[in-house]
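Q: Quick one, fold the following:
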Amino acid sequence: MDSKARMHVVVLGGGTAGWMAAAGIAKLLPASTTVTLVESEDIGIVGVGEATLPHIRAYVERLGIDEAEFMKATHATYKLGIDFRDFGKIGDSYIHPFGSFGEDVAGVGFHHWWLDQHHRGNVGDIGDYSMAVAAARANRFAPPAQDMTLASTYGYAYQFDATLFGPFMREFGIKHGVNRIEGLVTSVERNPENGNITALCLKSGERIEGDLFIDCSGFRSLLLGSELQEDWQDWSHWLPCDRAAAMPCTHQASDIRPYTIATAMPAGWRWQIPLQHRMGNGYVFSSAFCDEDKACNAIQQAAEGKALADPRILRFRPGRRIKSWSHNVIGVGLSSGFLEPLESTSIYLAQMAITYLIELFPEKGRIDARDRDEFNRLVDMEYDRVRDFLILHYNATTRDDSEFWNHVRTMQLPDSLMGKMELWRRTGRVEKYSDGLFYDASWIAVYIGQGVIPQSHDARTSMGDPARIANALNHLKQAIAAQVGAMPGHVDYLQRNAARLAEAA
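A: Alright, predicted model coming up:
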């Protein structure tokens with residue numbers, strides 16, 4: 001395609017979202033686009049330690065990035081799930097795994113068989129029947145098999161240093177043709193007829209013209225929010241946490257676990273994200289129930305290891321734009337919306353928007369309103385479903401030890417979540433959908449992990465011999481233990497990758 005016929009895409013803002021968008025478009029749409037990214041070194045990024053979801057693997061692979069090289073550059077570790085502690089009640093813990101629990105039998109979901117045996121007192125933790133949970137608890141890791149065996153029933157994600165991921169993607173993007181411009185935007189030019197943005201004016205006096213603009217300017221949302229005045233839908237009445245006190249610490253090799261820990265606190269929860277070189281710690285809290293000084297003191301007291309810096313306060317608003325694509329501007333990352341990091345969805349939501357944009361990318365440089373509407377529908381669906389899943393973690397609790405937990409336990413829920421919870425409590429069924437994030441196993445992990453046991457379950461389980469079913473479950477548990485026992489330790493596997501890179505060099 002002639003370079004003059006290409007659509008000029010201008011990405012405003014670097015960091016994780018900006019460079020993921022710029023690199024992805026340049027790599028995957030090289031014949032139909034030219035990509036310019038405008039960023040300023042004077043503007044910091046929000047990232048601290050970053051835990052992700054398995055979808056990031058597909059993004060890395062699609063761009064042709066070597067996993068070991070990427071992990072070395074970002075000091076990454078593997079992640080099999082999230083260990084939630086003290087959420088249902090103090091003293092409880094469960095792992096939300098990246099994988100399934102058992103397998104369906106005779107068309108009946110595994111959790112129904114487990115529920116039947118649970119009511120009979122014949123089984124223990126449902127996590128015993130998950131490869132991801134068992135491997136996480138044993139601090140072991142190996143990539144899943146590419147077949148239909150037990151070793152293929154789980155996935156994994158990464159835990160990495162977000163301050164290193166952006167620069168890694170920047171180097172990759174520039175290598176694939178992204179033109180980086182250093183500068184601060186001082187004004188925006190728009191077409192007086194249709195309202196589209198035509199150029200960004202920089203402090204240096206330079207004008208950056210474009211056909212399509214991607215707003216990755218973070219919470220400031222200079223284009224979608226400030227310029228186009230797209231409304232923000234505030235969800236703080238459902239997700240009251242609006243602050244985080246982040247503090248990195250040293251750690252020991254034994255602390256480098258293949259999972260993230262989320263521990264409930266009096267006014268929110270705190271994270272532990274093990275990276276190769278340090279431990280990420282932070283307290284996500286509600287400023288309505290805890291002030292910033294108290295939160296900083298709390299994370300200093302709770303964190304393990306030697307502090308590498310003082311706690312840093314991050315402020316955010318939970319919610320999303322009414323429209324993430326308006327005129328010729330697409331919001332990606334924080335400029336589009338933000339949902340707190342309880343389930344590590346931040347990078348996924350940016351990746352999701354980039355993926356949908358590439359799938360619906362304007363043909364021959366012309367934006368079709370139908371594509372724009374479909375993009376907004378898909379993005380809204382993703383945000384709304386993640387929102388409901390996060391609210392579940394707070395509402396499905398018996399905790400009454402603080403004002404915060406009393407509030408989230410008794411608050412009015414979205415109708416969409418109320419319907420899902422009522423269906424589960426009554427029948428043990430999980431609402432099914434073909435698109436979006438968090439399928440059956442995720443909801444089952446949180447429901448059961450936080451003590452929400454349904455009143456009934458699939459009646460077909462009563463047709464089987466209880467003793468035979470109990471024996472089959474025990475056999476599965478033993479098979480999982482044997483498979484996990486053969487895995488290398490998490491740190492050992494990381495070191496093997498490091499050795500492979502050293503040999504290749």
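
Q: secondary structure element for Ile208?
A: strand 207-209 (DSSP states H and E).

Q: Can you spell out which helices and strands pack onto that strand?
A: strand 7-12, strand 197-202 (3 or more Cβ pairs under 8 Å, 6 or more residues apart in numbering; DSSP states H and E). Bear in mind the C-beta positions are built from the backbone N, C-alpha and C, glycine included.

Q: Residues touching the last one, excluding its own?
A: In this case it means strand 197-202. 10, 12, 38, 181, 183-191, 207-210, 213, 223, 227-228, 327-329 (Cβ atoms under 8 Å, 6 or more residues apart in numbering).

Q: cool, and stretch 447-464?
A: 84, 87-89, 92-96, 106-109, 111-113, 115-116, 118, 126, 392-393, 396-398, 421, 424-428, 469.

Q: Just the buried residues of those.
A: Those of these that meet the buried threshold are 84, 87-88, 92-96, 108-109, 111-113, 115-116, 118, 126, 392-393, 396-397, 421, 424, 428, 469, by 16 or more other Cβ atoms under 10 Å.

Q: List of residues touching stretch 87-95?
A: By Cβ under 8 Å, 6+ apart, stretch 87-95 touches 80-86, 125, 127, 130, 132-133, 136-137, 259, 262, 264, 269, 393, 396-399, 401, 445-446, 448-451.

Q: what about it, average pLDDT?
A: The pLDDT scores in stretch 87-95 average 97.

Q: Then stretch 167-180?
A: 95.

Q: Would you mark the buried spots in it?
A: Those would be 168-170, 172-174, 176, 178-180, for stretch 167-180 by 16+ other Cβ under 10 Å.

Q: from the residues you listed, which two are the most distant?
A: Farthest pair in the buried residues of stretch 167-180 (Cβ to Cβ) is Phe168 and Asn179. Separation: 18.3 Å.

Q: Looking at the contacts of stretch 87-95, which are in strands?
A: The members of the contacts of stretch 87-95 that map onto strands under DSSP state E are 81-85, 262, 264, 269.

Q: which two from the residues you listed end up farthest apart in space?
A: Gly81 and Ala264 (16.9 Å).

Q: Comparing the two, which residue is more hemmed in?
A: Between Gly81 and Ala264, counted using other Cβ atoms under 10 Å, Gly81 has the larger neighbour count: 28 against 24.

Q: for the more buried one, what are its contacts?
A: Contacts of Gly81 by Cβ under 8 Å, 6+ apart are 95-99, 132-133, 136, 259-260.

Q: hmm, back to that, packed most tightly, which of the helices and strands packed on strand 207-209 would that be?
A: Counting by mean count of other Cβ atoms under 10 Å, strand 7-12 has the highest mean neighbour count of the helices and strands packed on strand 207-209, with a mean of 25.

Q: Now do that strand: distance to the chain's middle.
A: 25 Å (Cα atoms, centre = their mean, to the nearest Å).

Q: what's it in contact with?
A: Counting by Cβ under 8 Å, 6+ apart, 18, 21-22, 25, 32-39, 185, 200, 208-217, 222-223, 361-362, 365 sit against strand 7-12.

Q: ok, then the element right after that strand?
A: That would be, after strand 7-12 and using DSSP H and E, helix 15-28.

Q: Give me the angle between that following helix and strand 7-12.
A: 170 degrees (axes from the mean of the first three to the mean of the last three Cα atoms, to 10 degrees).

Q: Just the buried positions in the longest helix belonging to the chain, please.
A: When the chain is scanned for its longest helix (criterion: DSSP state H), the result is helix 369-395. Of the residues in helix 369-395, 371-372, 375-376, 378-380, 382-395 count as buried by neighbour count, 16+ other Cβ under 10 Å.
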